[in-house]
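> Dropping the sequence and predicted coords here.
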Amino acid sequence: MTKSPKPHILVVEDEEDILELVSYNLKKEGYRVTRAMSGEKALQSVEDEPPQLILLDLMLPEIDGLEVCRRIKRNPETATIPIVMLTAKGEESDIVAGLEQGADDYITKPFSPRVLIARIHAVLRRNRRDMASEDAVLIFGDLSIHPGRHEVIYQDVLIDFTYSEFAILHLLARRPGWVFTRYRIVDAVRGEHYAVTERAVDVQIVGLRKKLGGAGKYIKTVRGVGYKFVDQDTAGV
């Protein structure tokens with residue numbers, strides 16, 4: 001029987017002790033690890049052998065992490081690779097900037113190796129889910145979302161949503177646990193040239209929660225960053 005290849009993770013970190021710690025823990029979990037200590041080497045590594053996930057420090061020599069993220073996410077050949085940022089604790093501006101460049105999640109420093117592994121597991125799991133058809137029905141307990149019919153049903157009751165409300169809910173629910181900034185929500189729902197304020201996104205979220213009733217608990221506010229959809233699988237991650 002042919003064994004499945006080990007998941008390949010690129011770790012980009014210029015602090016050697018952190019790089020060693022992360023690499024050791026990932027290898028112990030069965031991942032195949034490639035390492036890079038600069039933004040330039042990270043981009044070259046992605047070009048040579050695209051990984052299944054990139055763990056990316058923001059403060060890097062030559063090319064910083066935000067620029068590395070931007071280049072990877074703007075390239076159609078690499079845009080679907082999940083990127084998890086490593087950022088100094090409390091730097092909300094860096095977190096928001098990274099998410100707006102296309103990063104899929106973030107981990108703050110200092111971090112626990114166990115939490116790091118759990119978050120990586122979750123991102124890879126969610127990425128596999130996300131590869132499913134956009135028309136796939138999403139079910140979370142008593143809540144079901146039907147993209148093809150543009151319907152949301154909670155406890156057997158059909159809920160009436162506007163186009164934008166449904167689009168935001170579907171966007172969040174397709175990626176449980178992923179954090180979206182208000183800018184990314186607007187960009188995904190209406191396109192980057194649609195004129196809307198961050199306050200308008202907040203109003204839409206308030207409307208969503210009100211209409212969802214008890215299911216409004218699935219939409220969580222990430223203070224200083226944006227919003228995410230949380231199901232039972234991601235609630236503790």
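Everything's here; your move.
> Report the contact partners of Glu92.
Glu92 sits next to Gly224, Val225 when contact means C-beta atoms under 8 Å, 6 or more residues apart in numbering. (Each C-beta comes from the backbone N, C-alpha and C, glycine too.)
> can you give me the strands in the protein?
With DSSP state E as the criterion, the chain has strands at 8-12, 32-36, 53-57, 83-88, 105-109, 138-140, 143-146, 151-154, 157-159, 180-181, 219-222, 226-229.
> low-scoring stretches of this protein, by residue?
1-5, 89-90, 128-134, 190-198, 232-237 (pLDDT under 70).
> Can you tell me the centre-most residue of it?
Centre of the chain computed as the mean C-alpha position; nearest residue by C-alpha atoms, centre = their mean is Asp104, 2.6 Å away.
> my read: that one touches Ile81, true?
No: counting by C-beta atoms under 8 Å, Asp104 stays clear of Ile81, with 9.0 Å between them.
> Not counting its neighbours along the chain, what's nearest Ala167?
Spatial nearest neighbour of Ala167, chain neighbours left out: Val189 (4.4 Å); criterion: C-beta to C-beta, 6 or more residues apart in numbering.
> Ignore what I typed, I meant Lys6.
Once flanking residues are discounted, Lys6 sits nearest to Arg32: 4.3 Å by C-beta to C-beta, 6+ apart.
> For the one you found, which residues are in contact?
So Arg32 contacts Pro5, Lys6, Pro7, His8, Ile9 (C-beta under 8 Å, 6+ apart).
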